[in-house]
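>>> Fold the stuff below for me.
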Amino acid sequence: MKISVIQMNSQDDKAKNIADAEAFVRKAVAEDKSDLVVLPETFTYMGGTVESRRANAETFPDGEAYRAMSALAAELKVNIHAGSMAEAAGEKCYNTTIVFDRQGKEIARYRKIHLFDVKVPGGQSYLESDTMKRGEDVVVYELEGVKIGCAICYDLRFPELFRKLRDKGAEVIVLPAAFTLQTGKDHWEQLLCARAIETQSYVAASAQIFGHDEGKKLCFGHSLIIDPWGVTIANCSDRVGHASATIDTDYAAKIRSSMPVADHHVVA
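Residues are numbered from 1 along each chain as shown. This next block holds a predicted model:
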């Protein structure tokens, strides 16, 4: 299975963001013949006021981005792990991933479990819980014989979630993100490698890059694909675009067999 991770700089123009996402998916499929294309977190809308973010949230299956990605998957005959988008849920929203198969059919839905409520180095505060509700379900879906686990951005810091994904059979874990520049430069690749090594799984992470919300938020980028031994096998440079790699589940199985850490896990 060939996976492409898309790197974007989404802003507060939803129609343009959707059009950009479509263009990036088309380019990845045309150039690399991708089987699965992964978009970044909140690819449909970044920045703006709380009211505008709520106004641009979607209801599924009748939202603009939902329909666009479903139609694109069917047209290109490609699987799309549609990053994440705001899913309307009353006064707040869920940060939700939707996955479409080659026929444009929804085959998985994951709502972000861990909300980003922190003050990062440099003094910037982020309170995702002001506008977002947390999900509850650990989601693994099967795609053409490969089991794929779902996570989003801040979930990366919680290894117990990744262990649950591994325990549910995930061979690949996909993580759309909008990781901040301040933390990303020191923690992004290190955490992704750790999660890949711990779970002996491929990790595919698509990220936002550059400035958003009139420069109030800077994202690190560096979309990556990492193998089950913790080696980076694809990496986006400091620009929008994509990177691709072919994953080999036989290789993951060999690593798990030769070093069966899951069999040795002891609950204290």
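>>> ok, now how distant is the residue nearest in space to the middle of the chain from A262?
Central residue of the chain (CA atoms, centre = their mean): P176, 1.6 Å from the mean position. Going from P176 to A262 by CB to CB, to the nearest Å gives 25 Å. From N, CA and C alone the C-beta is placed, and that goes for glycine too.
>>> Next: D35.
Relative to A262, D35 is positioned 26 Å away (CB to CB).
>>> So those two - more neighbours on which side?
Taking other CB atoms under 10 Å, D35 and A262 do not tie; D35 has more neighbours (20 against 13).
>>> Please give me every residue in contact with the more buried one.
Listed by CB atoms under 8 Å, 6 or more residues apart in numbering, the contact set of D35 reads 1-3, 78-79, 144.
>>> Likewise for K2?
Counted by CB under 8 Å, 6+ apart, K2 has contacts 32-36, 244-247.
>>> Now which of those would you call buried?
32, 34-36, 244-245, 247 (16 or more other CB atoms under 10 Å).
>>> Of those, which belong to helices?
D32 (DSSP state H).
>>> Can you select the buried ones from the contacts of D35 in ChimeraX?
The ChimeraX command for the buried members of the contacts of D35 (criterion: 16+ other CB under 10 Å) is given here:
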select :1,3,78,79
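>>> A196: which of the contacts of D35 is nearest?
Using CB to CB, I3 is the member of the contacts of D35 that lies nearest A196, at 13.4 Å.
>>> what sits against the closest one?
With contact set as CB under 8 Å, 6+ apart, I3 has these partners: 34-38, 172, 202, 204, 225, 244-247.
>>> 6 Å - rerun?
Residues in contact with I3 (CB atoms under 6 Å, 6 or more residues apart in numbering) are 36, 204.
>>> Lowest average confidence across helices and strands of this protein, where is it?
strand 125-127 (a mean of 77; mean pLDDT, DSSP states H and E).
>>> Adjacent strands (with direction) for that strand?
Next to strand 125-127 in the sheet, as set by DSSP bridges, lie strand 117-119 (antiparallel).
>>> quick one on the thing from earlier: can you name the next helix or strand after the least confident helix or strand of the chain?
Using DSSP states H and E, the helix or strand that follows strand 125-127 towards the C-terminus is strand 132-133.
>>> Give me the residues contacting that following strand.
Contacts to strand 132-133, defined as CB under 6 Å, 6+ apart, come from residues 89, 92-95, 115.
>>> Among these, which are located in strands?
Judged by DSSP state E, strands contain the following of the contacts of strand 132-133: 89, 92-95.
>>> Is it possible to get CSV of those that adds pLDDT?
CSV is the format used below for the ones in strands among the contacts of strand 132-133 (pLDDT from 0 to 100):
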residue, pLDDT
A89, 92
K92, 92
C93, 95
Y94, 97
N95, 97
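>>> and of these, the nearest to W188?
Of all the ones in strands among the contacts of strand 132-133, N95 has the smallest distance to W188: 18.4 Å, by CB to CB.
>>> State the distance from the closest one to N235.
Distance, N95 to N235, using CB to CB: 25 Å.
>>> One more: K254?
The gap separating K254 from N235 is 24 Å, by CB to CB.
>>> More neighbours: these two, which one.
For K254 versus N235, the count of surrounding residues by other CB under 10 Å is larger for N235: 16 against 13.
>>> mind listing what the residue nearest to that one when sequence neighbours are not counted touches?
Sequence neighbours aside, L224 is the residue nearest to N235 in space, at 5.4 Å (criterion: CB to CB, 6 or more residues apart in numbering). Neighbouring residues of L224 by CB under 6 Å, 6+ apart: 192, 205, 232, 235.
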